[in-house]
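**Student:** I'd like to go over a predicted model; first the sequence, then the structure.
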Amino acid sequence: MIDFSIFGLNNRDKRVYDALLGHEEASIRSIAELTGINRGSVYESLKALVSLGLVTYVAKGKTIRYAAENPEKLHEIINEQRRQLLDTHSEVDTYIQQLNLGRNEPNVFQFASFYDGDEGMASMLRDVLSTCRIQHIQEYKVISSPSVSEYLYNNFRHYTRERIKHELRVKVLRQGKATQQEAELSSWRALTDSPMDTGCYTIIYGTKVAIASIDAYNHTSGIIIDNPGVAKTQENMFDLIWGKA
């Protein structure tokens, strides 16, 4: 059952919305009768639902009648929330830069961060976008794994669209056979002539290296190493293999 709290609504609001879905139009009085909720509370719920765009209303004489929007509207609301969160990421990037923590200085704040599951993978992908934006990186590099790729984007399915929107290029050394067409602003080469899949997906971007892996139970986990020396070494090895692929 969907939790309406993710939309800033409570269980009472959901009861009012559910009741409206079964009727083309309804007054506050009829909604109160249908739900068993007092009119004052129904009115407060309707205000919240109208504000979110899930309910519309029309005045017929002295009576205001309310109607529920198609539940498909919930997808639009979620997409808008995602867009707002991406905008907030940019604001956070600006805030971090203003703090001047010196993270890009050698031997300062070098660390590794660990990530787990679908949301962990999404966090790693978000870090790729934000780091490339902060460090003014126009291209990053990937050693792909088909088994990891299958789950990597579960919680960030529009990642490629966001990458393209930011005009961020990617070079991919592919393990195994190609399973998809090359996306815009991307170029692919085979890592080896024979099929292989190590279950390890590597992303080299700016001063960082992200490594995602998958176990026998299809559970993903990963690590981001924030170290200019490590990143440069990985990039040099990538470039050497890319030139020979």
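**Tutor:** Perfect, I can see it now.
**Student:** Give the other helices and strands that the helix or strand where Gln81 lies contacts.
**Tutor:** Counting by DSSP states H and E, the element that carries Gln81 is helix 73-99. Applying 3 or more C-beta pairs under 8 Å, 6 or more residues apart in numbering; DSSP states H and E, we find helix 73-99 packed against helix 117-134. Quick note: C-beta positions are derived from backbone N, CA and C, even for glycine.
**Student:** Just the CA trace of the helix it packs on, in PDB.
**Tutor:** This file holds the C-alpha atoms of helix 117-134, laid out as PDB (Å, rounded to 0.1, in the frame of the first residue of the first chain):
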ATOM      1  CA  GLY A 117      22.100  -1.800  -2.300                       C
ATOM      2  CA  ASP A 118      20.100   0.100  -5.000                       C
ATOM      3  CA  GLU A 119      20.100   3.400  -3.200                       C
ATOM      4  CA  GLY A 120      23.800   3.100  -2.600                       C
ATOM      5  CA  MET A 121      24.300   2.700  -6.300                       C
ATOM      6  CA  ALA A 122      22.100   5.700  -7.000                       C
ATOM      7  CA  SER A 123      24.200   7.700  -4.500                       C
ATOM      8  CA  MET A 124      27.400   6.800  -6.300                       C
ATOM      9  CA  LEU A 125      25.900   7.900  -9.600                       C
ATOM     10  CA  ARG A 126      24.800  11.200  -8.100                       C
ATOM     11  CA  ASP A 127      28.300  11.700  -6.900                       C
ATOM     12  CA  VAL A 128      29.600  11.200 -10.400                       C
ATOM     13  CA  LEU A 129      27.400  14.000 -11.700                       C
ATOM     14  CA  SER A 130      28.100  16.400  -8.800                       C
ATOM     15  CA  THR A 131      31.900  15.800  -8.800                       C
ATOM     16  CA  CYS A 132      32.200  16.300 -12.500                       C
ATOM     17  CA  ARG A 133      30.200  19.500 -12.100                       C
ATOM     18  CA  ILE A 134      32.300  20.800  -9.200                       C
END
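**Student:** Would you mind giving the orientation angle of the helix holding Gln81 with respect to helix 117-134?
**Tutor:** Counting by axes from the mean of the first three to the mean of the last three C-alpha atoms, to 10 degrees, helix 73-99 lies at 50 degrees to helix 117-134.
**Student:** So the most centrally placed residue in the chain: helix, strand or coil?
**Tutor:** In the chain, the centroid-proximal residue (C-alpha atoms, centre = their mean) is Phe156; its distance is 3.6 Å. Using DSSP: H, G, I helix; E, B strand; the rest coil, the structure places Phe156 in coil.
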